[in-house]
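**Q** here is the input, now give the coordinates:
(one chain, ligands or ions: 1)
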Amino acid sequence: MMRFLTVSDEVVPAIYSLSIKDRFPDVEAMLGCGDLQPYYLEFIVTMLGVPCFYVQGNHDRVEYSESGEEINAPRGCTSLEGRSVSHAGLLLAGLGGSIRYNRDSGAQYTESQMLMRVWRLAPRLLVNRLRYGRYLDILLTHAPPLGIHNGPDFPHRGFRALLTFMDRFAPRYLIHGHIHRSYGFSAVTETRYKRTMVLNTAGYRLLTVDAPAPGRATPADTEAS
Ligand SMILES: [Zn+2]
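**A** The predicted structure is shown next:
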């Protein structure tokens, strides 16, 4: 069993607080789903003393250090962008960014670019299945899948490619951000899609994930590939 704190999009006073450790004493790892400045993830990691895995949002900003260096990445955190890692027996991977809706330089992808990213990740997931008996436990994204927790406007539309991802690789969880609850968007933040629980973490949530049974066979394992 693993206790995660998941965050994205909004700086939450209960988290950005010196009493964070008292509030969340048993969190064992944290997951960031984008649109947060590096200082925020670094604060949580430092205060809780736990590992952090994250993907990029479409609005991730560049910060500068005192010596003028560009800080693109939160220090002490591991990017899952386009890769898969095993942590404490759980298989994690990430595909950040949002649908491309303007010419900004932020992480935005067309539907076909996102599908390409899914297929580029696939060989790693196949290795996972051979080694661990399953493709993946948790996929971190910034944008939601198409039709699940989407906002009413195009920038907050989800990716069809993430539906394809869940159809093919059946992670136990897909955790996304991007859909701020304070905008009055979808009030629903948990939706089951086939074998995957889709969770919106805009703000924060606490998530307990059971350890997988070793070599657990899933229906996906018996599909022809
Ligand atoms: Zn966003």
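**Q** so where's the longest helix in this protein?
**A** Looking across the chain with DSSP state H, the single longest helix is helix 111-132.
**Q** after that one, next one along is what?
**A** Past helix 111-132, further along toward the C-terminus, the next helix or strand under DSSP states H and E is strand 138-141.
**Q** for whichever helix or strand comes after that following strand, packing partners?
**A** The C-terminal neighbour of strand 138-141 among helices and strands, as given by DSSP H and E, is helix 160-169. Using 3 or more C-beta pairs under 8 Å, 6 or more residues apart in numbering; DSSP states H and E as the contact definition, the elements that helix 160-169 packs against are helix 111-132, strand 138-141, strand 173-176. Where C-beta positions appear, they are placed from N, C-alpha and C, glycine not excepted.
**Q** let's see it at 10 Å
**A** Using 3 or more C-beta pairs under 10 Å, 6 or more residues apart in numbering; DSSP states H and E, the elements in contact with helix 160-169 are strand 90-95, helix 111-132, strand 138-141, strand 173-176, strand 190-193, strand 196-200, helix 219-222.
**Q** the third one pairs with which strands, parallel or anti?
**A** Taking DSSP bridges as the criterion, strand 138-141 pairs within the sheet with strand 90-95 (parallel), strand 173-176 (parallel).
**Q** so the residue positioned nearest the centre of the chain bridges to which residues?
**A** A centroid search over the chain (C-alpha atoms, centre = their mean) returns residue 140, at 2.1 Å, as the residue closest to the centre. According to DSSP bridges, the residues that bridge with residue 140 are residue 94, residue 175.
**Q** that one reaches residue 207, doesn't it?
**A** No - with contact defined as C-beta atoms under 10 Å, residue 140 and residue 207 do not form a contacting pair (11.5 Å).
**Q** overlap in contacts, the two.
**A** Taking C-beta atoms under 10 Å, 6 or more residues apart in numbering as the contact rule, the neighbours common to residue 140 and residue 207 are 6, 31, 173, 175, 201.
**Q** for the longest helix of the chain, the distance to its chain's centre please.
**A** The gap between the average C-alpha position of helix 111-132 and the chain average comes to 15 Å, counting by C-alpha atoms, centre = their mean, to the nearest Å.
**Q** helices or strands up against it?
**A** Packed against helix 111-132 by the contact rule (3+ C-beta pairs under 10 Å, 6+ apart) you find strand 84-87, strand 90-95, strand 98-99, strand 108-109, strand 138-141, helix 160-169.
**Q** and that helix with strand 90-95, angle?
**A** Note on geometry: by axes from the mean of the first three to the mean of the last three C-alpha atoms, to 10 degrees, helix 111-132 and strand 90-95 are set 170 degrees apart in direction.
**Q** quick check: mean pLDDT of helix 111-132?
**A** Helix 111-132 comes out with an average pLDDT of 97.
**Q** would you mind listing the buried residues in that helix?
**A** Of the residues in helix 111-132, 114-115, 117-118, 121, 124-125, 128-129, 132 count as buried by neighbour count, 16 or more other C-beta atoms under 10 Å.
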